[in-house]
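1. predicted model and sequence follow; I will ask about them next.
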Amino acid sequence: MRIQHKFRNMYNGLCRFLYGFCGVDEIKRHTQVVYEMRAKLVEKLFQITHGQELFDLYSKGQFQPRKQLRFEVNLTDHCNLNCIGCMHFSPIAPKYFINIERFKLDCECLSKLSGGKCDQIQLMGGEPLLHPSLDTICVIVRNCFPQGKIQIVTYGVLLLQEPSSFWEILHNYHIEIIISSYPVGVNYTEIKKIAEAMKVKLILRGNANNRKQFKTPLDLEGKQNKTKSFYKCHRPNNCPNLRNGKVFPCPIVAYIDIFNDYFKKNLKVSRHDYINIYKIKSMDQISSFLCKPIPFCRYCNNDANEYDIDFSISKKEISEWI
Ligand code: SF4
Ligand code: SF4
């Protein structure tokens, strides 16, 4: 136990140093240097502990169960940008719009479990602004979660076409916008002006002129060590995804059916890869589920992650994902 404690402190110290070095900033801390250092550290710890004690070590350190609910949700699967290697598989996704009634039930269920409080809910896709009932969805989510951050994550191009009633809803229901910037000529200055005038918080992420894509190659045969893969991954406990009454630890497992259908593959999702929100009694069950490796992690080759892929439009080739 004392050795575990020592390793945990060492790990947390290293992370603090690296995050400090990078500016202690949510975006900057997710940089290649931190990912790579973490992967190396996991590899070392794995050798020392033979994998036996890693789970305890990390679940008590890196992967603390969150006290409040956090999730992302695809309002649409398809997108009008179609970036190379999109890890929501949008370029190869058929048209899909979330069913509002179904989504409302899911929100009500999660609201009961969480007491109406959330840490962060991100409405995304695909491109969420393609959903024709985005206004209604915003109202549903805020009514279910009166407390906490609700954000729309978009690449922004459709914001300039939105009527003022849309911006009023965002203002009245305290919903923020995050723009992921891409080099596709979106007029961010104009969007910022509108957001300011309508008193809506807008966060611009990334550098459109130096956009890099990130790839976790999929191992089609699922031969990776799931525990190692999980601990090297930046997604667990960061980006759980809600899909039809189930919470998955990441978008890859949540939307792998899109990849399987398009490329005729069979990366299997089992009932241990998600938590069914209608079959649990407390938020803690979700929080602790999200801190543990899932069987599906065997399909992610986190040793071969690529961080520096130049932005381009997807050619819908399987090499973008493997
Ligand atoms: S903008 Fe986002 S959702 Fe759309 S294709 Fe690019 S990465 Fe995927
Ligand atoms: S399946 Fe596991 S290893 Fe793969 S991205 Fe999701 S959390 Fe990470």
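-> In hand now; what should we look at? Since the structure is predicted, the reported quantities are computational estimates derived from the model, not experimental observations. Numbering: from 1, shown residues only. Ligands and ions are numbered 1, 2, ... in the order given.

2. can you name the residue of the stretch 151-300 of the chain nearest ligand 1?
-> Closest residue of the stretch 151-300 of the chain to ligand 1, Cβ to the nearest ligand atom: residue 155 (4.3 Å). Glycine gets a C-beta too; all of them are placed from N, C-alpha and C.

3. need the contact list for that residue.
-> For residue 155, the contacting residues are 79, 81, 127, 179-182, 184, 186, by Cβ atoms under 8 Å, 6 or more residues apart in numbering.

4. again, 10 Å this time
-> For residue 155, the contact set (Cβ atoms under 10 Å, 6 or more residues apart in numbering) comprises 79-81, 83, 125, 127, 129, 178-182, 184, 186, 205-206, 208.

5. what about residue 80, distance to residue 94?
-> The spacing between residue 80 and residue 94, counted by Cβ to Cβ, to the nearest Å, is 14 Å.

6. more neighbours: these two, which one.
-> Remark: of residue 80 and residue 94, residue 80 carries more neighbours, 14 against 9, as counted by other Cβ atoms under 10 Å.

7. skipping adjacent residues, who's closest to that one in space?
-> Of all residues not flanking residue 80 in the chain, residue 127 sits nearest, at 5.4 Å (Cβ to Cβ, 6 or more residues apart in numbering).

8. wait, isn't that neighbour in contact with residue 158?
-> Yes: with contact defined as Cβ atoms under 10 Å, residue 127 reaches residue 158; the gap is 7.1 Å.

9. what do these two both touch?
-> Common neighbours of residue 127 and residue 158 (Cβ under 10 Å, 6+ apart) are residue 80.

10. the more surrounded of the two?
-> Taking other Cβ under 10 Å, residue 127 and residue 158 do not tie; residue 127 has more neighbours (22 against 15).

11. number of nearby residues for residue 149?
-> Residue 149: 16 surrounding residues under other Cβ under 10 Å.

12. excluding sequence neighbours, find me the nearest residue to it.
-> Closest to residue 149 by Cβ to Cβ, 6+ apart is residue 120, at 4.5 Å.

13. buried residues in the helix or strand hosting the one you found?
-> Of the helices and strands defined by DSSP states H and E, residue 120 is found in strand 117-124. For strand 117-124, the neighbour count (16 or more other Cβ atoms under 10 Å) marks 118, 120-124 as buried.

14. what secondary structure does residue 177 sit in?
-> strand (DSSP: H, G, I helix; E, B strand; the rest coil).

15. measure it to residue 195 for me?
-> 7 Å.

16. neighbours of the residue nearest to residue 257 when sequence neighbours are not counted, how many?
-> What sits nearest to residue 257 in space, not counting adjacent residues and going by Cβ to Cβ, 6+ apart, is residue 269, at 7.5 Å. Per other Cβ under 10 Å, the neighbour tally for residue 269 reads 18.

17. coming back round to it: in strands only, show me the contacts of residue 155.
-> 178-180, 205 (DSSP state E).

18. and the spatially closest residue to residue 215 that is not a sequence neighbour, what does it touch?
-> Using Cβ to Cβ, 6+ apart and skipping the chain neighbours, the partner closest in space to residue 215 is residue 306 (4.4 Å). Neighbouring residues of residue 306 by Cβ under 10 Å, 6+ apart: 32, 85, 212-217.

19. are any of those residues buried, and which?
-> Here, 16+ other Cβ under 10 Å leaves 85, 213, 215-217 buried among the contacts of residue 306.

20. narrow those to those in strands?
-> Cross-referencing those against strands under DSSP E gives 213, 215.

21. I'd like the buried ones among the contacts of residue 306 as a markdown table, with distance to ligand 1 and pLDDT appended.
-> Shown next, in a markdown table, are the buried ones among the contacts of residue 306 (distance: Cβ to the nearest ligand atom, whole Å; pLDDT from 0 to 100):
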| residue | distance to ligand 1 | pLDDT |
| --- | --- | --- |
| 85 | 8 | 95 |
| 213 | 8 | 86 |
| 215 | 11 | 92 |
| 216 | 14 | 93 |
| 217 | 17 | 96 |
